[in-house]
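>>> from the sequence below, what's the structure:
(2 chains)
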Number of protein chains: 2
Amino acid sequence: MNIKTICILGAGTLGSRVALQSALSGYEVRVYDLTQKALDFSLNTMKKILHQLVKAGQLEEKTVPEVLGRIEFTLDPKRAVENADFINESVTEEIEVKKKVWKQFGELAPEKTWFTTNTSYLLPSMFAEESGRPSRFCAFHFHDVFYSRVVDIMPHPGTDPQMIPMLEELGRKLNQVPVLVKKENPGYIFNTMLMALIGAAGKLLTKEVASIEDVDRSWMVNFHMPMGPFGILDSIGLDTAWHVTHKLPDAASQAFAKLLKEEYLNHGKLGEKSGEGFYNYPHPAYKAKDFIL
Amino acid sequence: MNIKTICILGAGTLGSRVALQSALSGYEVRVYDLTQKALDFSLNTMKKILHQLVKAGQLEEKTVPEVLGRIEFTLDPKRAVENADFINESVTEEIEVKKKVWKQFGELAPEKTWFTTNTSYLLPSMFAEESGRPSRFCAFHFHDVFYSRVVDIMPHPGTDPQMIPMLEELGRKLNQVPVLVKKENPGYIFNTMLMALIGAAGKLLTKEVASIEDVDRSWMVNFHMPMGPFGILDSIGLDTAWHVTHKLPDAASQAFAKLLKEEYLNHGKLGEKSGEGFYNYPHPAYKAKDFIL
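Numbers count the residues shown, from 1 in each chain, chains lettered A, B, ... in the order given. Down below sits the predicted model:
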């Protein structure tokens, strides 16, 4: 593996984090998106994280300009992939959008470029062909890069097996813990388990077995964790949670999706980012000292 | 509430822990079981925990004799409930056994005694009538008392509602965090969620999506936890896990139960207690420094 330049397609929250970690690990980075507004958001996101890393003593302040100096933001697709060794794509989570983007960049990218997608719930086989080089195409899926450091490596049936050790090595260089998803699976490994946990919590609520607080309290106290399933849902965003849940066919998921929509989304309650969800922010009850009596 | 004497029926691992915490909280305790061997095991279990508490600086060594002095072990059912204010039952997890025990102690116990069961997966309504006083009968379910300190309060439809605040108060006095299970639910709150997590992990394994290690790694790294689902299963015991899983009707649970039976139970691999399960003990791979690369 001889990767020097990494191209990030899609400058949202996750793309920006992967781009920043790539620069922190010494790679030259190009960040591409469709609007200047998106690129400005991305730079802002990175600056906030860098500030936190400095504050936590994980990074020296004087290296910040050097790190940012390795990142180029561009609206020009040609420049984005010029001489790029590696692409990680984090564009909108819709099949048609991903197909279009991969067709465009499959044509523009140099022959040497490896292709990876950061899709959360889609499968790489759904748009690998569009890239024109499915054997060099694999899912390489990050969580939040800095706190949750798992990176899922999920090949589709046509992926060249030699990509796997290459991605394991790159994952470690990016300060992540690589895990292998041997078969295509929506939700990879961690999200599959997290969704099962959240589904069980949702069912306890819709069946009126327990309160939001007692569900979270049970998880937090027994596992010594800083938040429970409903606190986690607030941090994921209730719109995202609804998006995933309402597509699941079982009765319990449908009941929980209905509750999310009618009692939260329809009232603008999207979780932490909107200031209200299962809890009120910025000081949710579960963080109060008397939550666990 | 005026509880002074607590009677523990069943001197197994959980009963012994509840008994010990009751003595630590200042209550007079009677521990009842059918054989002297069981009572000897119980005293031994308590001594080990007391030793750990002293080592961890949570208890002064000189108070140990005083704590143990508040606990009386007996094979005599009459003495076990003599003047007892409260019973917590942790006998074998079989309906017929529980029915028999509650019929016996319902007749022996003084009129004032409150009845509670520590059943893990059965429901209080399945044997409340046998006690002769269903309105004074409720599930009061501990986890491991010392590390996982949730206590579930789960009334059956005939439980007198005034038992709930009484049990909340007692739970806090026993250094637990009480949660209310508003309707009977097998697995209460925490175990319902834990089983969903374990079910998802089992499915990832039987479907050959990921390895045991990568499943645990994903959970441990993203949530900063000391063990993942398969490490947890080893600590619960694979026989117990099979006992719960093989009763679930869905195909995924059946496949996981089959794997547990054929690849582990049939070879005497019961998890941590037998020295081998998903990992080898006393030094399982997931505790090694290089597990998370």
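
>>> every contact and neighbour count from this point should use C-alpha atoms.
OK.

>>> could you report the neighbour count for the closest residue to chain B within the stretch 51-200 of chain A?
Closest to chain B within the stretch 51-200 of chain A is A:Ser148: 4.0 Å, counting by CA to the nearest CA. Using other CA atoms under 10 Å in any protein chain shown, A:Ser148 is surrounded by 18 other residues.

>>> just give the nearest non-adjacent residue to it, would you?
Excluding the flanking residues, the one nearest A:Ser148 by CA to CA, 6 or more residues apart in numbering or on different chains is B:Asn222, at 4.0 Å.

>>> got a list of what that neighbour touches?
Contact partners of B:Asn222, counting by CA atoms under 8 Å, 6 or more residues apart in numbering or on different chains, are A:143, A:147-150, A:190.

>>> what do you get for A:His141?
A:117-120, A:151-153 are the contacts of A:His141 under CA under 8 Å, 6+ apart.

>>> so which of those also contact chain B?
By CA under 8 Å from any CA of the partner chain, no member of the contacts of A:His141 lies near chain B.

>>> okay, who's weakest in the residues you listed by pLDDT?
Lowest pLDDT among those: A:Ser120, with 91.

>>> hmm, that one is touching A:Glu93, no?
Yes. If you go by CA atoms under 8 Å, A:Ser120 and A:Glu93 touch, sitting 7.5 Å apart.

>>> between these two, point out the one with more neighbours.
A:Ser120 (17 against 13).

>>> any low-confidence regions in the stretch 101-250 of chain A?
Judged against pLDDT under 70, the stretch 101-250 of chain A has no low-scoring part.

>>> same for the helix or strand hosting A:Arg79, what does it pack against?
A:Arg79 is part of helix A:77-81 when elements are defined by DSSP states H and E. When contacts are defined as 3 or more CA pairs under 8 Å, 6 or more residues apart in numbering or on different chains; DSSP states H and E, helix A:77-81 sits against strand A:28-32, helix A:95-108.

>>> for those, give me a markdown table that also has distance to chain B.
Formatted as a markdown table, the helices and strands packed on helix A:77-81 follow (distance: least, CA to the nearest CA, whole Å):
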| stretch | distance to chain B |
| --- | --- |
| strand A:28-32 | 24 |
| helix A:95-108 | 23 |
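
>>> quick one: closest of the ones you listed to B:Asp160.
Closest approach to B:Asp160 among the helices and strands packed on helix A:77-81 (CA to CA): helix A:95-108, 55.5 Å.

>>> show residues contacting the closest one.
Taking CA under 8 Å, 6+ apart as the rule, helix A:95-108 contacts A:77-78, A:81, A:91-92, A:122, A:126-128, A:130-133.

>>> and what of stretch A:184-193?
Under CA under 8 Å, 6+ apart, the answer for stretch A:184-193 is A:120-124, A:152, A:154-156, A:181, B:197, B:200-201, B:204, B:209-210, B:215, B:218-219, B:222.

>>> among those residues, which ones are buried?
The neighbour count (16 or more other CA atoms under 10 Å in any protein chain shown) marks A:120, A:122-124, A:152, A:154-156, A:181, B:197, B:200-201, B:204, B:209-210, B:215, B:218-219, B:222 as buried among the contacts of stretch A:184-193.

>>> now the strands for the stretch 101-250 of chain A?
A:114-117, A:137-142, A:150-155, A:177-180 (DSSP state E, counting those that start in this stretch).

>>> what about the helices in the stretch 151-293 of chain A?
Counting by DSSP state H, counting those that start in this stretch, the stretch 151-293 of chain A has helices at residues A:163-173, A:190-206, A:212-223, A:229-236, A:238-245, A:251-259.

>>> and the first one with strand A:150-155, angle?
Pointing back at helix A:163-173 there. Per axes from the mean of the first three to the mean of the last three CA atoms, to 10 degrees, the angle that helix A:163-173 makes with strand A:150-155 is 170 degrees.

>>> helix A:163-173: which residues count as buried?
Neighbour counts using 16+ other CA under 10 Å place A:163-164, A:167-168, A:170-173 of helix A:163-173 among the buried residues.

>>> which ones among those also lie next to chain B?
A:Arg172.

>>> so which of the buried residues of helix A:163-173 comes closest to A:Lys273?
Comparing the buried residues of helix A:163-173 against A:Lys273 with CA to CA picks out A:Gly171 as the nearest, at 29.3 Å.

>>> got the CA positions of whatever helix or strand A:Leu20 lives in in PDB?
Per DSSP H and E: A:Leu20 is located in helix A:13-24. Extracted C-alpha coordinates of helix A:13-24, given in PDB (Å, rounded to 0.1, in the frame of the first residue of the first chain):
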ATOM      1  CA  THR A  13     -20.200  15.500   9.800                       C
ATOM      2  CA  LEU A  14     -18.700  12.100   9.200                       C
ATOM      3  CA  GLY A  15     -16.800  13.000   6.000                       C
ATOM      4  CA  SER A  16     -15.200  15.900   7.800                       C
ATOM      5  CA  ARG A  17     -14.100  13.700  10.700                       C
ATOM      6  CA  VAL A  18     -12.600  11.100   8.400                       C
ATOM      7  CA  ALA A  19     -10.800  13.900   6.500                       C
ATOM      8  CA  LEU A  20      -9.500  15.500   9.700                       C
ATOM      9  CA  GLN A  21      -8.200  12.200  11.000                       C
ATOM     10  CA  SER A  22      -6.500  11.500   7.700                       C
ATOM     11  CA  ALA A  23      -4.700  14.800   7.900                       C
ATOM     12  CA  LEU A  24      -3.800  14.100  11.500                       C
END
